[in-house]
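> what's the 3D shape of this:
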Amino acid sequence: MDSRMDRIRKFMLQEEEDDDELFLVLLPALYSSLYEEKRPVHTSSLSGAQLVKEILEGHESWSKVEFRMEPEIFRAVSDYLKRECLLEGTTRVDVDEQLGMFMYMISHNATNQDLQKKFQHSAETVHRKLNEIINLIPLLVQRFVKVPTSLQPHPKIMSNPRFWPYFQNCIGAIDGTHIPITIAEEIAAPYRNRKGTLSQNMMVACDFDLNFTFISCGWEGSASDAGVLRSAISKGFEVPAGKFYLVDGGYGNTSSFLAPYPGVRYHLGEFRRRQRNHTGYANKEELFNHRHALLRNYIERAIGVLKKRFPLLKVGNHYPIESQIRIHAACIVFHNIIRCQNGDEDWLDHQPPLIPPETYVDVPEGDDAHHQDAHHQHQADLNNGNNLRDQIALQMWADYNN
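Numbers count the residues shown, from 1 in each chain. Have a look, this model is predicted:
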């Protein structure tokens, strides 16, 4: 019995000695981790405010690349936000830096971590300052994306005999454009478009100065253009009496939304091929569709400039879905502001991409194949649209042949 107790006692003593040795090995490491001086994370020689100042005071091209606008336009936007008390700077982050942080984010598809490094702030500060601007977007949309108030014909219609007087009551063009999104897989199904990728289908309207005049955001990628338009109408989107927008074949033809003749060539590429072959118009429908396409091309150009300036609209990002939708709307707002300030666009054709093109998401273009949804209109509306289109086409054809 005693020998057994001796063995147990020896074993316990050995365990204590082993624990003591382990403690002596770990003690220096524990001491070091507890008492060594913490190394700072933000070690750049420039603060975020200094970085923004350097960009704005440097060559104009630097501001265009980093913020997608000229320095004077950036300052005008910042002054407006301060003057209207929409943003208020703090001792740590002034309004210029906050705006610069947001513009850098939508220009580069920058993550929170990217912005921490670039502007030398904590994750919490970056998150809070971005959200302050994101929460402003609905108000900015109201102020800078407006349906035309003037009912006078646009000068670009009045000055062109191909459009005048036939489209004198046209106030713009409408189309849907798919914007890639990221979203949790369990709720992703409605956002999966006909190409199998995830997107929102955003309806946009523009005038003939390439300014956006209406947007409807947040519709799932599986929604048709015509369905998004019907929803917008049900929520208050109105067309002034006697006026109309031009739309493509994916929409129903009404007196407020004038579509081309179905089954008749109307894409500009098709007409260019005919011009090369010296082939004229076969009938009034072809003539109407060609001129309709020329004028409706303004919406395609506007969308093209928008996505070229903000390639974020060609890729997904990892902000919450509600923020993604508002960020997409913010691009529309800043597009309009830049155009109203006569911002340059030619430089966009001569810049290397900020976001690698191989990361661009393949999304649908156009909704012409979804005619079945376009005809979910009251028959009276379709009849009125067909009568208006015929009247314009007949007058156009008569003048063309005289």
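> who touches the strand or helix carrying Q113?
Using DSSP states H and E, Q113 maps to helix 112-119. With Cβ atoms under 8 Å, 6 or more residues apart in numbering as the test, helix 112-119 has contacts from 41-42, 44, 47-48, 51, 97, 100-101, 104-105, 108, 110, 121-123, 126-127, 130. Just so you know, the C-beta spots here come from the backbone N, C-alpha and C atoms, and that holds for glycine as well.
> List buried residues within those residues.
47-48, 51, 97, 100-101, 104-105, 108, 110, 121, 126, 130 (16 or more other Cβ atoms under 10 Å).
> In JSON lines: these, plus distance to P353 and pLDDT.
Shown next, in JSON lines, are those (distance: Cβ to Cβ, whole Å; pLDDT from 0 to 100):
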{"residue": "S47", "distance to P353": "29", "pLDDT": "90"}
{"residue": "G48", "distance to P353": "25", "pLDDT": "91"}
{"residue": "L51", "distance to P353": "22", "pLDDT": "96"}
{"residue": "E97", "distance to P353": "26", "pLDDT": "97"}
{"residue": "G100", "distance to P353": "21", "pLDDT": "98"}
{"residue": "M101", "distance to P353": "21", "pLDDT": "98"}
{"residue": "Y104", "distance to P353": "16", "pLDDT": "97"}
{"residue": "M105", "distance to P353": "17", "pLDDT": "96"}
{"residue": "H108", "distance to P353": "11", "pLDDT": "94"}
{"residue": "A110", "distance to P353": "15", "pLDDT": "95"}
{"residue": "H121", "distance to P353": "27", "pLDDT": "96"}
{"residue": "V126", "distance to P353": "24", "pLDDT": "97"}
{"residue": "L130", "distance to P353": "23", "pLDDT": "97"}
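> Which of those residues fall within helices?
Among the buried ones among the contacts of helix 112-119, DSSP state H puts 48, 51, 97, 100-101, 104-105, 108, 126, 130 in helices.
> Can you name every helix or strand that the lengthiest strand in the chain contacts?
Determined from DSSP state E, the single longest strand within the chain is strand 170-180. Applying 3 or more Cβ pairs under 8 Å, 6 or more residues apart in numbering; DSSP states H and E, we find strand 170-180 packed against strand 199-206, helix 225-234, strand 244-246, helix 284-309.
> would you turn these into a markdown table with distance to D381?
Below are the helices and strands packed on strand 170-180 laid out as a markdown table (distance: least, Cβ to Cβ, whole Å):
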| stretch | distance to D381 |
| --- | --- |
| strand 199-206 | 18 |
| helix 225-234 | 11 |
| strand 244-246 | 12 |
| helix 284-309 | 19 |
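> And the furthest pair within the buried ones among the contacts of helix 112-119?
Taking Cβ to Cβ, the two most distant members of the buried ones among the contacts of helix 112-119 are S47 and H108; they sit 19.2 Å apart.
> Take the buried ones among the contacts of helix 112-119 and write them to a markdown table, including distance to V204.
Output for the buried ones among the contacts of helix 112-119, formatted as a markdown table (distance: Cβ to Cβ, whole Å):
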| residue | distance to V204 |
| --- | --- |
| S47 | 38 |
| G48 | 33 |
| L51 | 33 |
| E97 | 31 |
| G100 | 27 |
| M101 | 26 |
| Y104 | 24 |
| M105 | 22 |
| H108 | 23 |
| A110 | 25 |
| H121 | 34 |
| V126 | 29 |
| L130 | 24 |
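> quick check, nearest of these to I174?
Closest approach to I174 among the buried ones among the contacts of helix 112-119 (Cβ to Cβ): M105, at 28.8 Å.
> how much space is there between that closest one and G263?
Separation of M105 from G263 (Cβ to Cβ, to the nearest Å): 46 Å.
> burial measure for E185, as a count.
Around E185 there are 7 other residues, counting by other Cβ atoms under 10 Å.
> Report the separation between it and L198.
E185 is 10 Å from L198, by Cβ to Cβ.
> got the contact list for N336?
Shown in contact with N336 (Cβ under 8 Å, 6+ apart): 144-145, 211-212.
> So the most centrally placed residue in the chain, which state does it fall into?
The chain has H328 as the residue nearest its centroid, 3.2 Å off, counting by Cα atoms, centre = their mean. Using DSSP: H, G, I helix; E, B strand; the rest coil, the structure places H328 in helix.
> Quick check, it in contact with W219.
No - counting by Cβ atoms under 8 Å, H328 does not reach W219; the two are 11.5 Å apart.
> Residues that sit against both of the two, list them.
Common neighbours of H328 and W219 (Cβ under 8 Å, 6+ apart) are 200, 202.
> so who does Q168 touch?
Counting by Cβ under 8 Å, 6+ apart, Q168 makes contact with 153, 157-158.
> Name the nearest residue to the residue nearest to the centre of the chain, ignoring sequence neighbours.
Leaving aside its chain neighbours, H328 sits nearest to I179 (5.1 Å; criterion: Cβ to Cβ, 6 or more residues apart in numbering).
> hang on, isn't that neighbour packed against M203?
No - taking contacts as Cβ under 8 Å, I179 lies outside contact range of M203: 11.3 Å.
> what is the orientation angle of whichever helix or strand V333 is part of with strand 170-180?
Element membership for V333 (DSSP H and E) is helix 321-340. Orientation check (axes from the mean of the first three to the mean of the last three Cα atoms, to 10 degrees): helix 321-340 against strand 170-180 gives 140 degrees.
> Identify each buried residue in helix 321-340, please.
321, 323-339.
> now swap in stretch 207-215 and tell me
Neighbour-count burial for stretch 207-215, with 16+ other Cβ under 10 Å as criterion, is recorded at 207-208, 210-215.
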